[in-house]
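3D model of this:
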Amino acid sequence: MEYHNWKDLDDYPIELLDRSTEPIALDTETAGFTSESNFVVYFSWAGKDIGSGAGPATTPNGMAFLEAICACKRPKICHALKIAELTFLKKTGIQLEGPYHDPILMHALLDPTHAGNHALKTLARELLSKPRDDEFVLQREQARWPKPIRNLNIPQAIMHPYSVADAEDALTLFYFFKRELEAREQWDLYLSLVEAELCYFRIDQAGVQLDRERLERVRVELETPISHLQERAFSIYGEFNINSPDQVVHALTKFFPLTERNEPTKTKDIGSLKTAHDVLVQWCDDPRMQVILAWKFLLSARKMLTTFYNHITPEGRGHPQYRTTLVTGRTSCAIIPLQGIPKQRTFIKEVNCGDSKLSKECAEAFRNVRAVITCLPGWVLVSNDFAQIEYRLAAHYSGSRRLIDRLCAGEDFHRITCELVFGEYHKELRVLIKIVNYGLLYGMGEESLCAIIRPHNANPTGILRRYEENLPEMRIFQANVERIARLRGYVQDPFGRRYFFDHTRPYLMVSHLCQGTAAGIKKIGLTRIDRILHGTGRLWDPSPYKSRCIADIHDDLVLEMVPEEIELIPELVTQMKTFPQFTVPFEIETAIGLNLLEMKECRTLDEMQTTVQKLLTV
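Okay, the predicted model is just below:
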């Protein structure tokens, strides 16, 4: 194959590496486009004092220089650090030493809603005025070869200048973004995000233990409720393919008017009406729509389980790929979609299906997904959940002393608001208040909120009026956040992250602020845990402990722990919840089990140790 003829085209300035502390931009190209072929075959570098160049990792001199760059003490600039360079180099047998920088994380702070998803070539074209036509030349050449080996066959005349341009652009963007972040006083925030990114790299590498047999059993068990819902849907709408948005729209328009006011947005790929949950939920009080919502919900559960099954390693692990560049700073999870599993100790919300009985039936089937995530023999799972964190943050930002004082006294947010609105508290009223609290926090319109409340109460409009009369501070808070964002263009949290105003969706400002602040708290909590478990040394230093964080799910940080290290939990919890800059306390609910479904809540170290002993002696 042609890669055998790759040569060292540039001089390798290896003697200059230790003469400066200037950052070096490093970019790598792998053999192909599959996880098995993601080992480095070409690399490039750029630095203010050493110039730029590229070379093959397939020659002795090229590999020697690549290893020297990775081992030197200079800061390394890598675009997509966690997903690309750290992972690819590790697979090649090379440890990339820090400090580390990532222009993606920098740009995600400066322009979080960027349509190009912070891609290097897109940023080069937009911000550096470089056409980067070499990208299309490379892609045309790659298309001639199978994915596992596509880059091994690229002529060096194409690969070399393309690779050099990547490193040069990463270096230029780094300095450009650094000036912007310093001007906004966000440099320290950015550095904390880099530290969190390294924690997520450890999580990705550790992976979660998956019970293959239980996974297959849960998949089979889901087929019965899915089949029943399909039959009910066909009896109402006639037969159609629920995986086809066009066919779903055709079926639904028999009963639900998609008027100009209600018409969903067009999708870019198929040009048909969108049939996502946030569109369909406005009719969730109609039993005919409830069947569709429940059916779609369980189909997504089955799809998730199939994804789990397809990515189990021979060792029984599933390795997620966390991304931390969402608009609010929250994480998303590819490969193993852990963010899609239901929350720890609750059924799915009735907003998912519209009907409490149907929601409960779906939840019973879907919650078993949690049982698939287990731990190594002789270990336990420890779930540390930030309880009601976004509601607590809403109380903090509202400045309401009656809410803040009662939260500081240890009361439950939904109970507090229920008593303030209705003058009493019981199970049925808690269901209603949670729906309204959720809807207002996430900017749900009155029509959609009423549709969700109506199955529980014949007068949803009256409930909303009562809420606003007796708990006006929540609406005032919402209006103030929108007003500030409209005037200034953004609102900013105590960590320095900005949430930019969207003129088309002003109602999102409150949810972005509360979700984003919660995400910032969780990331700081994660880095504090990481410092305890792994020390404050380099990324590749051996850990003083065996226990490790293996997942970030919703508001949960999940650890896989050995019994003798359970005594660490109280200190980990304290580090996670200590944030004196906020007026409300943050509570961590700790639960321990052998899988994520069968978890026992523990409040004291004695309870934790007793629980672990019982679990491991059964």
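
pLDDT below threshold where in the stretch 301-450 of the chain?
Within the stretch 301-450 of the chain, the segments meeting pLDDT under 70 span 344-356.

Could you pull out the strands in the stretch 201-350 of the chain for me?
For the stretch 201-350 of the chain, the strands defined by DSSP state E, counting those that start in this stretch cover 208-210, 317-318, 321-323, 332-334.

Pick the most buried one from these.
Mean neighbours per residue, mean count of other CB atoms under 10 Å, is largest over the strands of the stretch 201-350 of the chain for strand 208-210, with a mean of 22. Using the backbone N, CA and C atoms, a C-beta is placed for each residue, glycine as well.

Run through who's touching that one.
308, 312, 316-318, 320, 336, 338, 372-376, 550-551, 558, 560 (CB atoms under 8 Å, 6 or more residues apart in numbering).

can you redo the strands of the stretch 201-350 of the chain as CSV with distance to residue 150?
Listed next are the strands of the stretch 201-350 of the chain as CSV, based on distance: least, CB to CB, whole Å:
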stretch, distance to residue 150
strand 208-210, 30
strand 317-318, 26
strand 321-323, 21
strand 332-334, 21
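
Any quick ChimeraX command for the buried ones out of the contacts of strand 208-210?
Here is the ChimeraX selection string for the buried members of the contacts of strand 208-210, based on 16 or more other CB atoms under 10 Å:
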select :308,312,317,318,320,336,338,372,373,374,375,550,551,558,560
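
can you tell me which of the contacts of strand 208-210 are in helices?
Using DSSP state H, the subset of these located in helices is residue 308.

gap between residue 609 and residue 562?
Distance of residue 609 to residue 562, given as CB to CB, to the nearest Å: 13 Å.

Share the number of residues neighbouring the nearest residue to residue 448 once chain neighbours are set aside, please.
Nearest non-adjacent residue to residue 448, counting by CB to CB, 6 or more residues apart in numbering: residue 282, 5.0 Å away. Neighbours of residue 282 under the rule other CB atoms under 10 Å: 20.

Residue 282 and residue 116: what is the separation?
As judged by CB to CB, residue 282 and residue 116 stand 32 Å apart.

I'd assumed residue 60 was in contact with residue 12.
No. Proximity of residue 12 to residue 60 does not meet the contact threshold set by CB atoms under 8 Å, at 11.0 Å.

For the two, indicate the residue with more neighbours.
Ranked by neighbour count (other CB under 10 Å), residue 12 and residue 60 place residue 12 first, with 19 against 8.

Just the element for the closest residue to that one other than its chain neighbours, please.
In space, residue 12 comes closest to residue 65 once its chain neighbours are excluded; the distance is 3.9 Å by CB to CB, 6+ apart. Using DSSP states H and E, the element containing residue 65 is helix 60-71.

on contacts alone, who are the packing partners of the next helix-or-strand element following that helix?
Downstream of helix 60-71, the first helix or strand assigned by DSSP H and E is strand 76-77. If contacts are counted by 3 or more CB pairs under 8 Å, 6 or more residues apart in numbering; DSSP states H and E, strand 76-77 sits against strand 24-30, strand 100-101, helix 156-183.

highest average neighbour count across the ones you listed?
Compared across the helices and strands packed on strand 76-77, strand 24-30 shows the largest average neighbour count, a mean of 25 (mean count of other CB under 10 Å).

can you give me the mean pLDDT across the following helix or strand past that one?
The helix or strand immediately downstream of strand 24-30 is strand 40-47, counting by DSSP H and E. Mean pLDDT, strand 40-47: 97.

Renumber starting at 865 from here on
That works, and once the first residue is 865, the last one we named lands at strand 904-911.

quick one: strand 904-911 to strand 888-894, angle?
160 degrees (axes from the mean of the first three to the mean of the last three CA atoms, to 10 degrees).

if I pick residue 931, what's in contact with it?
Contacts for residue 931 were tallied using CB under 8 Å, 6+ apart; they are residue 958.

Skipping adjacent residues, who's closest to residue 999 in space?
residue 985 (5.0 Å).

And for residue 968?
Leaving aside its chain neighbours, residue 968 sits nearest to residue 982 (4.6 Å; criterion: CB to CB, 6+ apart).

Poorly predicted segments of this structure, please.
The model of the chain has pLDDT under 70 over residues 865-868, 1121-1139, 1142, 1208-1220, 1401, 1482.

how does it divide into domains?
866-1048, 1073-1182+1205-1238, 1244-1252+1384-1481, 1254-1364 (automatic domain parsing).

and residue 1373, which of the ones you listed is closest to it?
With CB to CB, the closest approach to residue 1373 among those belongs to domain 1254-1364: 4.8 Å.

Span of that closest one from start to end?
The first and last residues of domain 1254-1364 sit 19 Å apart, counting by CA to CA, to the nearest Å.

just checking, residue 1405 touches residue 1398?
Yes. Assessed by CB under 8 Å, residue 1405 is found in contact with residue 1398 at 7.4 Å.
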